[in-house]
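Asks: Mind looking at a prediction? Sequence and model below.
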Amino acid sequence: MHHREPPGHLAPHIPADVWNRAQATGQPIVIVVHGTRRNDIPWRRLLIPFAIAGAAALGTWGVVAALAWLLDIAAHTATVIAGAAGPIGVGGITLKLARSK
């Protein structure tokens, strides 16, 4: 089955009967495109990747901060437990886990 519609992304903009008549008679078709400035920056195409990269960077810093906080809490907990346990002795060798205050 042959499609008698224009190729590419212009298909929705040209009616099929106009395209078929132009193909049959060789008559040119004039296509008017709005906003054809070449120096115009497509902000959405630039903004979305930067937003994703920024969110990933903030998320990574958040995970690093959370891990540092958890390690700090674990170190303080170990210090408190070692201080409360007192000296540990095995076979006449005594090991003091924490300094006295």
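Replies: Structure's in. What do you need?
Asks: Check which helix or strand Val63 maps to.
Replies: Using DSSP states H and E, Val63 maps to helix 43-85.
Asks: right, and the helix or strand after that helix?
Replies: Heading C-terminal from helix 43-85 (DSSP H and E), you reach strand 88-90.
Asks: Give the partner strands of that next one in its sheet and their orientations.
Replies: strand 93-95 (antiparallel) (DSSP bridges).
Asks: quick one: average pLDDT of the partner strand?
Replies: For strand 93-95, the mean per-residue pLDDT is 72.
Asks: residues near Leu70, how many?
Replies: By other CB atoms under 10 Å, the residues close to Leu70 number 10. To be clear about C-beta, it is placed using only N, CA and C from the backbone, and glycine gets the same treatment.
Asks: swap in the one 3 residues further on?
Replies: Neighbouring residues of Ile73 were enumerated by other CB under 10 Å; the total is 10.
Asks: quick revisit: quick one: mean pLDDT over the helix holding Val63.
Replies: In this model, helix 43-85 has a mean pLDDT of 91.
Asks: which helices and strands does that helix pack with?
Replies: Here helix 43-85 touches no other helix or strand, going by 3 or more CB pairs under 8 Å, 6 or more residues apart in numbering; DSSP states H and E.
Asks: from the chain's centre, how far out does it sit?
Replies: Here helix 43-85 shows a centroid-to-chain-centroid distance of 17 Å under the convention CA atoms, centre = their mean, to the nearest Å.
Asks: and if you look at stretch 22-31?
Replies: Mean-position distance between stretch 22-31 and its chain equals 46 Å (CA atoms, centre = their mean).
Asks: quick one: terminal-to-terminal distance for that stretch?
Replies: Taking CA to CA, to the nearest Å, stretch 22-31 runs 13 Å from one end to the other.
Asks: Just the buried residues of it, please?
Replies: If you call a residue buried by 16 or more other CB atoms under 10 Å, then stretch 22-31 has no buried ones at all.
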